[in-house]
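>>> My questions are about this predicted structure, shown below with the sequence.
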Amino acid sequence: MDKTAISPVVVIGAGPVGLAAAANLHLRRIPALVLEAGATAGAAVREWAHIRLFSSWAELVDPEAAKVLATAGWDAPDPRRYPTGDDWATVYLQPLADALGTVRYGHTVTGVAKRGRDRLVDPGRDDETFTVHVRTADGERRLDARAVIDASGTWSNPNPLGSDGLPAVGEKTCRHKIAYRVPDLTDPRMTARYAGRHIAIAGTGASAKTALIAFTQLAQEHPRTRISWLVRRSSVGTAFGGGEHDELSERGALGDTARAAVANGPTRTITGFRTSVVESDGDRLRLTSFDGQTLDGVDEVVALTGFRPDLGILSEIRLDLDAALQAPRALAPLIDPNVHSCGTVRPHGAAELAQPETGFYLVGMKSYGRATSFLALTGFEQARSVVAEIAGDHDAAAQVHLVLPESGVCSGSGTFGDDAMRNPVGLACC
């Protein structure tokens, strides 16, 4: 019997795009198994539960997932409202996972390969199933899969503070004073940690803007709080976004509010600061840039310099990725911030996401590699197209439709925001 015919499609990750893929598989009656490392659906989303998205519910519910939820009697939220991460996880993602019934929690994928063959072996490769190696509370398991959709995102792999892509000298030693996520300053423990301190915020993406706003509000209540904003570029430039020209009004408003916070609050902006060294200076930190600038007396650092894909579990899968972006080679030219700054993407699906290993796909935030400006709408359409291709519905897979809202900062030639936030479907992505 053909193993590929009876094995399920394995989806890695029960986040927004992974569950969208599972919903498409469910409606096409294709056996599927969703492997989630966390204890709940949307485990990564729940880690930024306090953040409000700049997309409304209308852009955050996959159309096929809505059909699955409708059969379960789901009470859909007002499409005009803007949820928090907690809302997205509890109101939508968890009910969807429950309705699908195919999610296995506490299943951490440690590797993907072709059954009985390492990446070097050619004979019989295309005829074999995938094997997905998983770590669970009951020990290690190996699952067969006819196809694999990796929607595991990038949340667990933040970029370092160091501006050459590697941790700055001393960064790991000083990690106890460095946060790589936007702190929840409504939490009394976080207030106690940051209030009245000198905070260095690194980054210019949506998370950095969110942090600048939050820390400015903290400084209003605790006037001794100081903020140093470290910008790697030579100027702030378009860091605040397109404002009223942004077709996502809340994304534009975020930039406008951050601009006002920097202009009117206790923030000192330091441009051209590319961190090279982090060192202890008594109870505080001293940061030094590659060109010799120094910032002394820092109590805490909030490094919001983006995320990158963890490709370690795919070491035995034959991948064709762009050398710079670590995104599928055919997709890279459509999203490369070195080339354009519009924040929009042409329609793309299974054809652009396909890899040399037939039946293996990267989707969602992970498909963008190190590129920026991912929107949930992009991931939903990726999932639909990929599942159609797996189902053998090549016409549907090829008919990709994707219209994304303009960011309002299109300038023709690209300006590379190498410290822009790439938060999985939350801040810079939704």
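Yes, it's here. Numbering: from 1, shown residues only.
>>> what sits against the nearest residue to Tyr180 once chain neighbours are set aside?
For Tyr180, ignoring the flanking residues on the chain, the nearest one in space by Cβ to Cβ, 6 or more residues apart in numbering is Pro158 at 4.0 Å. The C-beta positions use only the backbone N, C-alpha and C, and glycine is treated the same way. For Pro158, the contacting residues are Tyr180, Arg181, Ala303, Thr305, Gly306, Phe307, by Cβ atoms under 8 Å, 6 or more residues apart in numbering.
>>> Which residues does Pro158 form beta bridges with?
Taking DSSP bridges as the rule, Pro158 bridges to Phe307.
>>> pLDDT at it, what is it?
Looking at Pro158, its pLDDT is 96.
>>> Likewise for Arg251?
Residue-level confidence at Arg251 comes out at 86, pLDDT.
>>> who does the strand or helix carrying it touch, helix- and strand-wise?
Arg251 belongs to helix 249-264 when assigned by DSSP states H and E. Judged by 3 or more Cβ pairs under 8 Å, 6 or more residues apart in numbering; DSSP states H and E, helix 249-264 is in contact with helix 206-221.
>>> now the helix it packs on against helix 249-264, angle please.
On the basis of axes from the mean of the first three to the mean of the last three Cα atoms, to 10 degrees, helix 206-221 is oriented at 50 degrees to helix 249-264.
>>> Residues in contact with stretch 187-202: which ones?
161, 183-185, 208, 211-212, 215, 218, 221-222, 224-230, 232, 273, 275, 284-285, 287, 295, 297-305, 419.
>>> In the stretch 301-430 of the chain, what residue spans correspond to helices?
332-335, 350-353, 376-390, 394-398 (DSSP state H, counting those that start in this stretch).
>>> before we move on, the earlier item: what would the contacts of Pro158 look like in a markdown table with pLDDT, distance to Leu254 and neighbour count?
Output for the contacts of Pro158, formatted as a markdown table (pLDDT from 0 to 100; distance: Cβ to Cβ, whole Å; neighbours: other Cβ atoms under 10 Å):
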| residue | pLDDT | distance to Leu254 | neighbour count |
| --- | --- | --- | --- |
| Tyr180 | 98 | 20 | 19 |
| Arg181 | 96 | 17 | 16 |
| Ala303 | 98 | 19 | 25 |
| Thr305 | 95 | 18 | 27 |
| Gly306 | 93 | 17 | 27 |
| Phe307 | 95 | 19 | 27 |
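>>> can you map out the strands along the stretch 301-430 of the chain?
Per DSSP state E, counting those that start in this stretch, the stretch 301-430 of the chain carries strands over the ranges 360-362.
>>> you'd agree Thr136 is up against Gly106?
Yes. Between Thr136 and Gly106 there is a contact under Cβ atoms under 8 Å: 5.8 Å.
>>> just checking, next helix/strand downstream of the helix or strand harbouring Val45?
If you go by DSSP H and E, Val45 is part of helix 43-46. Note on helix 43-46: by DSSP H and E, the next helix or strand toward the C-terminus is helix 63-71.
>>> closest one to Pro405 among the helices of the stretch 301-430 of the chain?
Smallest distance to Pro405 across the helices of the stretch 301-430 of the chain (Cβ to Cβ): 8.6 Å, for helix 376-390.
>>> The closest one to helix 63-71, inter-axis angle?
Using the same axes, to 10 degrees: helix 376-390 against helix 63-71 is 90 degrees.
>>> hmm, back to that, what's the offset of the helix holding Arg251 from the middle of its chain?
Put simply, helix 249-264 sits 22 Å off its chain's centre (Cα atoms, centre = their mean, to the nearest Å).
>>> what's the answer for stretch 190-203, then?
From the chain centre to the centre of stretch 190-203 is a distance of 24 Å (Cα atoms, centre = their mean).
>>> again, but for stretch 312-324
18 Å.
>>> residue ranges with poor pLDDT in this protein?
Residue ranges of the chain with pLDDT under 70: 1-5, 340-344, 408-430.
>>> filter the contacts of stretch 187-202 to the buried ones?
Neighbour counting over these (16 or more other Cβ atoms under 10 Å) leaves 161, 183, 185, 208, 211-212, 215, 218, 225-230, 232, 273, 275, 285, 287, 295, 298-305, 419 as the buried ones.
>>> rewinding a little: any chance of the helices of the stretch 301-430 of the chain in TSV, with distance to Pro79 too?
Listed next are these as TSV, based on distance: least, Cβ to Cβ, whole Å:
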stretch	distance to Pro79
helix 332-335	27
helix 350-353	28
helix 376-390	13
helix 394-398	25
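>>> winner for burial among these?
Comparing those by mean neighbour count (mean count of other Cβ atoms under 10 Å), helix 376-390 ranks first with a mean of 26.
>>> sorry, back to before: and the helix holding Val45, what other elements does it pack with?
Counting contacts by 3+ Cβ pairs under 8 Å, 6+ apart, helix 43-46 packs against helix 85-87.
>>> Would you map the strands across the stretch 151-300 of the chain?
Secondary structure of the stretch 151-300 of the chain (DSSP E, counting those that start in this stretch): strands at 178-179, 198-202, 226-231, 267-271, 275-281, 284-289, 294-298, 300-303.
>>> just so I know, which of those strands lies nearest Glu250?
Of all the strands of the stretch 151-300 of the chain, strand 198-202 sits nearest to Glu250, with 21.0 Å by Cβ to Cβ.
>>> Walk me through which strands that closest one pairs with, and which way each runs.
With DSSP bridges as the test, strand 198-202 pairs up with strand 226-231 (parallel), strand 300-303 (parallel).
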